[in-house]
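[1] Provide a 3D model corresponding to the input given below.
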Amino acid sequence: MTRSPSTMPRLLRHGDNVVEMIRGAHQVMQSRLSAEEAALRGPALTALEFGRMVPEKMLAFSSVQTAMWQGGLALMQRTMEYGFQEAAAQQALVRSGAQKDPAALAAAQLEWATGATHRAARFWTGFGQDAMAMAESSLRPVRSAVTSNRRRLG
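    All right, here's what the predicted structure looks like:
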């Protein structure tokens, strides 16, 4: 199975982004919900901050949902294409079974097995890349909201 040289750095970068987002979200919640911060801001700014939270979260999580749907559709399309390729290869193997020559049948089986291995490797490599792209794109809106809030509140 082949793997892109950028796979591991991409996974590590995504993991770092998740950790950074979780830490940032904790800092934002501490700033928004602590009584000390509310007293420093005053009642009007505290109400404004709480009024800002709901639409901001709705927008971010709606964007996440869109990214998940798009990513899920890409994964489903890749899986269906792989299934159709395998069905076509299996039908070709079944048709070759009508041959009288055992060597020709063995050659057809070997060709099918080699092709199946190649198709599976290509499928799983692409599937992993598509899944990683879905994870990255679904994290992006929430991470940007957390980052901007952390900058603004911090």
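[2] hey, let's count contacts and neighbours off CA atoms from now on
    OK.
[3] Can you show me the helices along this protein?
    7-33, 35-41, 43-96, 102-153 (DSSP state H).
[4] Quick one: these as a markdown table, columns for mean pLDDT and mean neighbour count too.
    Output for the helices of the chain, formatted as a markdown table (pLDDT from 0 to 100; neighbours: other C-alpha atoms under 10 Å):
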| stretch | mean pLDDT | mean neighbour count |
| --- | --- | --- |
| helix 7-33 | 84 | 15 |
| helix 35-41 | 80 | 13 |
| helix 43-96 | 89 | 14 |
| helix 102-153 | 90 | 16 |
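[5] any idea how far the closest residue to Phe50 other than its chain neighbours is from Pro9?
    Nearest non-adjacent residue to Phe50, counting by C-alpha to C-alpha, 6 or more residues apart in numbering: Arg32, 7.7 Å away. Distance check for Arg32 against Pro9: by C-alpha to C-alpha, to the nearest Å, it reads 34 Å.
[6] Also Arg95?
    For Arg95 relative to Pro9 (C-alpha to C-alpha), the value is 45 Å.
[7] do Val54 as well
    Applying C-alpha to C-alpha to Val54 and Pro9 gives a distance of 34 Å.
[8] What residues does Arg32 make contact with?
    By C-alpha atoms under 8 Å, 6 or more residues apart in numbering, the contact set of Arg32 is 38, 46, 49-50.
[9] nearest to Ala113, of those residues?
    Using C-alpha to C-alpha, Phe50 comes nearest to Ala113 of the contacts of Arg32, at 60.5 Å.
[10] which residue lies farthest from the center of the protein?
    In the chain, Lys100 marks the outermost C-alpha relative to the chain mean, sitting 48.7 Å out by C-alpha atoms, centre = their mean.
[11] hang on, the earlier thing: would you reformat the contacts of Arg32 as JSON lines and include distance to Ala135?
    Listed next are those as JSON lines, based on distance: C-alpha to C-alpha, whole Å:
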{"residue": "Ala38", "distance to Ala135": "35"}
{"residue": "Thr46", "distance to Ala135": "33"}
{"residue": "Glu49", "distance to Ala135": "29"}
{"residue": "Phe50", "distance to Ala135": "29"}
